[in-house]
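Peer 1: let's see this in three dimensions:
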Amino acid sequence: MKITRLLLLAVMPMMCLAVSAQEASCKRDFTPKKGDLTLAATVGYNSYASVTALPGTMANYEVAALSTDWSDKKLMVGFEAGWFFNDLWKLNLGGGLNFTNNPGYSAVPGTMDENASAEDNMGEIPGYRAVANAQTFSYNVFAGVDRYFKMKKVPNLMWYTGLRVGMAYAQNQTKYDEYESMGKSVGETWNLRGSLTMGVDYFVLPAMYVGAQIDPFSYTYNMTTYKPQEGLSNLDADSHNFSLLSAPTIKIGFKF
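Peer 2: Numbers count the residues shown, from 1 in each chain. Coordinates of the predicted model:
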């Protein structure tokens, strides 16, 4: 709901600007030229990745590749930078990076006897398990190229088609400072994604535009790997995802 409200609050002023600038835009050409740069905020699908390491004290483990279906993911705010190396051709680049560190804490032993009855343990002190020393690292990056086409009947409105390729990676490590622990547990996942894309951009003002796009076809490969204990071999799973008419995205950007 917060993303939806943010989207509405962002789009409504742009629509008002579009209406107020419609008469002027019919007389002036705001479309990009060779050498122009663009920077846009996007609301839609981002090919991010996320994983959580498995506990290191289990007797048996199983794994499944993480979902890469765009409809399983939540809307995200991202960014997209572009460069018009020609009046009708644009290079695109976007992505993001995240790192989180959770300091660990040692266990605090108690006085309770697990084999004793509740009555015998009455008044005894429970033990506190250790807090895991954990690190999480993730990033996603994409690049692409778009071919623009002018629409003579609608000044400053251009549609485009293009290609996108991208990668997303995530790693999570945990280690408990207690005798039950079997060392560091690691989880990793990465996605490779390629897509055809189509969209429209309306250049409302000389330095501002709004747009929308969708991927007519996309393919994503995922590899998910877990190593729950040090010295064990990796436990792997992978998947192949094919999507049609996927990842609708709305953009609000500036042209320099």
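Peer 1: distance of residue 226 relative to residue 182?
Peer 2: 13 Å (CB to CB, to the nearest Å). Placement of C-beta: from N, CA and C, glycine included.
Peer 1: the more surrounded of those two?
Peer 2: Ranked by neighbour count (other CB atoms under 10 Å), residue 226 and residue 182 place residue 226 first, with 22 against 16.
Peer 1: hang on, isn't residue 206 packed against residue 30?
Peer 2: Yes. Using CB atoms under 8 Å, residue 206 is in contact with residue 30, at 5.2 Å.
Peer 1: in three-state terms, label the residue minimising distance to the centre of the chain for me.
Peer 2: What sits nearest the mean C-alpha location of the chain, by CA atoms, centre = their mean, is residue 48, with 2.7 Å. Taken by DSSP: H, G, I helix; E, B strand; the rest coil, the conformation at residue 48 corresponds to coil.
Peer 1: in the chain, which spans are strands?
Peer 2: With DSSP state E as the criterion, the chain has strands at 37-44, 76-86, 89-102, 133-150, 157-175, 185-205, 208-227, 235-255.
Peer 1: mean pLDDT added to the ones you listed, as a markdown table?
Peer 2: As requested, those are exported to a markdown table (pLDDT from 0 to 100):
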| stretch | mean pLDDT |
| --- | --- |
| strand 37-44 | 91 |
| strand 76-86 | 90 |
| strand 89-102 | 92 |
| strand 133-150 | 93 |
| strand 157-175 | 94 |
| strand 185-205 | 94 |
| strand 208-227 | 94 |
| strand 235-255 | 92 |
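Peer 1: would you mind finding the most buried of the ones you listed?
Peer 2: Comparing the strands of the chain by mean neighbour count (mean count of other CB atoms under 10 Å), strand 185-205 ranks first with a mean of 21.
Peer 1: what's the angle between that strand and strand 37-44?
Peer 2: Put simply, strand 185-205 runs at 120 degrees to strand 37-44, going by axes from the mean of the first three to the mean of the last three CA atoms, to 10 degrees.
Peer 1: quick check: neighbours shared by residue 206 and residue 30?
Peer 2: residue 255 (CB atoms under 8 Å, 6 or more residues apart in numbering).
Peer 1: ok, the two, which is more surrounded?
Peer 2: residue 30 (18 against 14).
Peer 1: how close does the more buried one get to residue 38?
Peer 2: Counting by CB to CB, the gap from residue 30 to residue 38 is 12 Å.
Peer 1: where do the contact lists of the two overlap?
Peer 2: 209, 255.
Peer 1: residue 111 reaches residue 124, doesn't it?
Peer 2: Yes. Using CB under 8 Å, residue 111 makes contact with residue 124 at a distance of 4.6 Å.
Peer 1: ok, and the closest non-adjacent residue to the residue in the chain sticking out farthest from the centre?
Peer 2: Centroid-distance maximum for the chain: residue 120 at 52.1 Å, with CA atoms, centre = their mean. Once flanking residues are discounted, residue 120 sits nearest to residue 113: 7.0 Å by CB to CB, 6 or more residues apart in numbering.
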